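The following comprises the amino acid sequence and a computationally predicted model.
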There are 2 protein chains.
Amino acid sequence: MILTVTLNAALDVTWHVDRLTPRSSHRVDAAHERAGGKGVNVARVLASLGHTPIATGLTGGPTGRLIREGLHAAGIRDEFTDVAGDSRRTLAVVSRDDGDATVFNGRGPRIAEAEWEAFRRHYATLLPEARVVVLSGSVPPGLPGNAYAQLIHAAAKAGAATVLDTSGPALTAALKAGPDVVKPNADEITAATGRHDLRAAAAALRARGARAVVASAGPEGLYALTPEGGWRAKPPERLSGNPTGAGDACVAALAAGLAAGSSWTRMLREAVALSAAAVPCPAAGDVDAGVYERFRREVPVEALPAISDQQIT
Amino acid sequence: MILTVTLNAALDVTWHVDRLTPRSSHRVDAAHERAGGKGVNVARVLASLGHTPIATGLTGGPTGRLIREGLHAAGIRDEFTDVAGDSRRTLAVVSRDDGDATVFNGRGPRIAEAEWEAFRRHYATLLPEARVVVLSGSVPPGLPGNAYAQLIHAAAKAGAATVLDTSGPALTAALKAGPDVVKPNADEITAATGRHDLRAAAAALRARGARAVVASAGPEGLYALTPEGGWRAKPPERLSGNPTGAGDACVAALAAGLAAGSSWTRMLREAVALSAAAVPCPAAGDVDAGVYERFRREVPVEALPAISDQQIT
């Protein structure tokens, strides 16, 4: 079983306007709401692939209730811990004139120490069922700086593999706990390492504790540096659409591959195909089955020549 | 007693961002939520003046629950009718760099015919207590085109005066029911009549059924055309701040004046002072008591020479 952890779950709201004009008033014509947060999106992709993921994390308040109702509607097992604060909303304002989205992300509710402890206890009861634990997204205010590190240590102790998809200080602080896979995108890995070269940046994250690094570079595909070697996997064609959910689809494929004991070559092919399959879908957490089936047979995965650490650093 | 009607109540949400940049992603740093919709704001101003208004209208869903909790917290008597749809949210995104707000208004939930009938029955039970009925804001989808006209007729039959503050087709359709006062702003009155001259536009609205017209022209003050004559009232100085709540404060003053049987001169002086007192306050429904006390002694109200209908049209 794959357990997804979403510490900062969100209600993802999409509003359509004719055209976004700063400092003016807009009539919102159509609105769409759905349970979100990166871990929830990963669970949704896994469920659409036939997995039966468990979703846990922190939700609270009226917005938290809507998130949990959304999980139930999607048939995802809800093991969230309730907190006193109101869960955040994210808003994407989509302009009809160009289809572009302007996005707003809240910080999330402040979590009390006792709430974090209650979550950790509940998380520990879920770990014996988990082969893979996915830890995704931002961390709400009030949690300890090493929140993800604590969860990675507990997962490792229970024998579960971990996939971490976060950024900034939350990523940096989690590395020394030795996550099995971290999946930053190009901007995130550069911010964490100061390096623009993906290979050098990935090596730097491995040097700081990550066992494997899978860096996503949008339409350029994935770059992986693992204990078994390095690979590059690129989608066979460029799709237009909304890349927001591609990262979550990639993480879902990596988690499914780890749970199945797949080879890296196979995992990366699946990850590129599933990421690409998210692009034609307007909502994060959805994937286009046709694109996935076509791409998973066509994604080229190229092994990279071994290089020494000295060459990299 | 003053009864405020808000058919399209809203949860007014304010988000602060560093700078609004279309097509990019924003971190929302501070959020503020409060019960709104123009009629709710009017009730809030009346309550701050020591009145005990009753707030009615339509609310529903989780957002409706938050709106009603907000009313209770503000000590306003809640006589809203519950509907199945979720009440709308309005969002003001305020940029820290210039303090300007970019505003988004939802249309509101679709109201079923039976819900509208249930509201009308409840409204009828509140009318015997009401001296003045304030009808404010937009009309949610599903209501008949003459919704405000129906409410104005029922109020007149019960002997209550009416103040209408709406725009577009909702304003136009309500005129023939003979509202005692309509309070359009300059843009709204021009949209309804095709006339840019406030006096000619006000005369046109009176010709279509409004007994009195009080047009607001921002820092230029108020222009009133009534059965007893015409007046112009202008704030003694220009204040900087957020003019969003000025219209609702103006309506509150007009309703309070009608309830007290004040003269037009006095009512307009109060309306200008209370509108100006809303400008320094960030949230609609709040007024600055100091500005109000100072301005209400200083607002000049100038009687306009009588002109014939022929000169106007």
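That came through, no problem.

where exactly do the strands run in the stretch 151-300 of chain A?
A:161-165, A:181-182, A:212-216, A:222-226, A:229-233 (DSSP state E, counting those that start in this stretch).

Enumerate the residues of chain A near chain B.
Contact residues, chain A versus chain B (Cβ under 8 Å from any Cβ of the partner chain): A:15, A:17, A:20-29, A:31, A:62, A:65-66, A:91, A:93, A:95, A:100-107. (Each C-beta comes from the backbone N, C-alpha and C, glycine too.)

In strands, which of these fall?
Members of those lying in strands (criterion: DSSP state E): A:15, A:17, A:25-28, A:31, A:91, A:93, A:95, A:101-106.

with those residues in mind, which one is nearest to residue A:132?
Nearest to residue A:132 among these: residue A:105, at 26.2 Å, using Cβ to Cβ.

give me every residue that touches that closest one.
By Cβ atoms under 8 Å, 6 or more residues apart in numbering or on different chains, the contact set of residue A:105 is A:10, A:88, A:90, A:138, B:25, B:26, B:27, B:28.

Just say helix, strand or coil for residue A:110.
coil (DSSP: H, G, I helix; E, B strand; the rest coil).

and it, what is it in contact with?
Residue A:110 makes contact with A:85, A:140, A:141, A:142, according to Cβ under 8 Å, 6+ apart.

Report the separation between the closest residue to the first one other than its chain neighbours and chain B.
Among residues not flanking residue A:85 along the chain, residue A:109 sits closest, at 2.4 Å (Cβ to Cβ, 6 or more residues apart in numbering or on different chains). Per Cβ to the nearest Cβ, to the nearest Å, residue A:109 is found 10 Å from chain B.

and residue A:109, what pLDDT?
On pLDDT, residue A:109 comes in at 95.

For chain B, what's its nearest residue on the stretch 201-313 of chain A.
residue A:244 (9.7 Å; Cβ to the nearest Cβ).

Please tell me I have it right and that residue contacts residue A:286.
No: assessed by Cβ atoms under 8 Å, residue A:244 is found out of contact with residue A:286, at 10.5 Å.

Quick check: chain neighbours aside, which residue is closest to the residue of the stretch 201-313 of chain A closest to chain B?
According to Cβ to Cβ, 6+ apart, the nearest residue to residue A:244 is residue A:284 (4.8 Å).

Just the buried ones from the residues of chain A next to chain B?
A:15, A:17, A:20, A:26, A:28, A:31, A:62, A:65-66, A:91, A:93, A:95, A:101-107 (16 or more other Cβ atoms under 10 Å in any protein chain shown).

now residue A:115, nearest residue through space, not along the chain?
Using Cβ to Cβ, 6+ apart, the closest residue to residue A:115 is residue A:83 (4.6 Å).

any low-confidence regions in chain A?
A:307-313 (pLDDT under 70).

Neighbours of residue A:122, how many?
The local packing of residue A:122 (other Cβ atoms under 10 Å in any protein chain shown) involves 13 other residues.

can you tell me which residues contact it?
Contacts of residue A:122 (Cβ under 8 Å, 6+ apart): A:56, A:79, A:81.

What of residue A:193?
The contact partners of residue A:193, by Cβ under 8 Å, 6+ apart, come to A:200, A:201, A:204, A:205.

any idea which of these has the most stuff around it?
The most crowded member of these is residue A:201, carrying 25 neighbours; neighbours defined as other Cβ under 10 Å.

right, and residue A:241 touches residue A:280 too?
Yes: Residue A:241 is within contact range of residue A:280, at 4.5 Å (criterion: Cβ under 8 Å).

Among the contacts of residue A:122, which one lies nearest to chain B?
For the contacts of residue A:122, the nearest to chain B is residue A:81 (20.2 Å; Cβ to the nearest Cβ).

re earlier: count of neighbours near the residue nearest to residue A:244?
Neighbours around residue A:284, by other Cβ under 10 Å: 26.

thinking it is in contact with residue A:243, fair?
No: if you go by Cβ under 8 Å, residue A:284 and residue A:243 don't touch, sitting 9.6 Å apart.

Overlap of the contact sets of these two?
In terms of Cβ under 8 Å, 6+ apart, residue A:284 and residue A:243 are both contacted by the residues residue A:278.

And for the nearest residue to residue A:248 once chain neighbours are set aside, the neighbour number?
In this structure, residue A:248 finds its nearest non-sequential neighbour in residue A:41, 3.8 Å apart by Cβ to Cβ, 6+ apart. Residue A:41 is flanked by 30 other residues according to other Cβ under 10 Å.

my guess is residue A:41 contacts residue A:285, does it?
Yes: at 3.8 Å, residue A:41 and residue A:285 qualify as touching, with contact defined as Cβ under 8 Å.
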